[in-house]
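1. Task: produce atomic coordinates for the following.
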Amino acid sequence: MSAFPFTRRAALAALGALAFPPVVAVRTAQGQPNVRFRDIRVDVSPLRASAGDPTAAWVQKELPGALAHAFAGHLAPGDRNGATLVARIDHLYLAPSYGPGPLGSSQDTIVGTLFVRGPRGGIAAETPLRAISSYFPMAVNQPLYAESNHDRITALAQAFAGWAPRELGL
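-> Residues are numbered from 1 along each chain as shown. Next up, the predicted model:
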């Protein structure tokens, strides 16, 4: 017999505690100040130096729209007291086709830093961010590799933008 008897009631209570987060955490998250962004900028100069174009140009084209969509509830374009969000992309890695994953999938990676600049230009927050996207190769991607790479970079930009609000605590 076990030294710590574990009853059915204790097991259900433990499961219930895992299923419902404490109310205190929700109240503190709602009590944080409401951040408003007047502008979103993307800096791909480190990426352009390492990967070149068209990769950097594709990121510069796709990421602002994805970030604007992710931060839609926090945008205030005319607010002079609003902050500016700057996403600097340092590195992007497109894995080889037919990788070791299921169905030959591979993982693409984008690495960057989010900067929140206050209304006067000072850096209020600096958060590194790495996002991963899975790529599932198809036979049509071999002759159309440029279009395929553009689609992969679009998926990485959306993954990066999707994680950005959570990493900033919004």
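2. The nearest residue to V116 once chain neighbours are set aside in helix, strand or coil?
-> Residue nearest to V116 in three dimensions, not counting chain neighbours: A125, with 4.1 Å by CB to CB, 6 or more residues apart in numbering. Where you see a C-beta, it was placed from the backbone N, CA and C, and this is true even at glycine. Using DSSP: H, G, I helix; E, B strand; the rest coil, the structure places A125 in strand.
3. what's the burial count for A125?
-> Using other CB atoms under 10 Å, A125 is surrounded by 15 other residues.
4. buried sites along the helix or strand where D108 lies?
-> Taking DSSP states H and E as the criterion, D108 maps to strand 106-117. Buried residues in strand 106-117, counted by 16 or more other CB atoms under 10 Å: 106, 108-112, 114-117.
5. Ok, stretch 49-67 next?
-> Buried residues in stretch 49-67 (16+ other CB under 10 Å): 51, 55-56, 58-64, 66-67.
6. what's the answer for stretch 86-94, then?
-> 86-90, 92, 94.
7. now what about that stretch, what contacts it?
-> 40-47, 50-51, 55-56, 59, 63, 67, 108-117, 135, 149, 152-153, 156, 160, 164 (CB atoms under 8 Å, 6 or more residues apart in numbering).
8. so where do the strands sit in this structure?
-> Secondary structure of the chain (DSSP state E): strands at 37-43, 83-93, 106-117, 123-135.
9. Could you dump those into CSV with distance to P77 and mean pLDDT added?
-> As requested, the strands of the chain are arranged in CSV below (distance: least, CB to CB, whole Å; pLDDT from 0 to 100):
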stretch, distance to P77, mean pLDDT
strand 37-43, 6, 92
strand 83-93, 11, 92
strand 106-117, 15, 90
strand 123-135, 19, 87
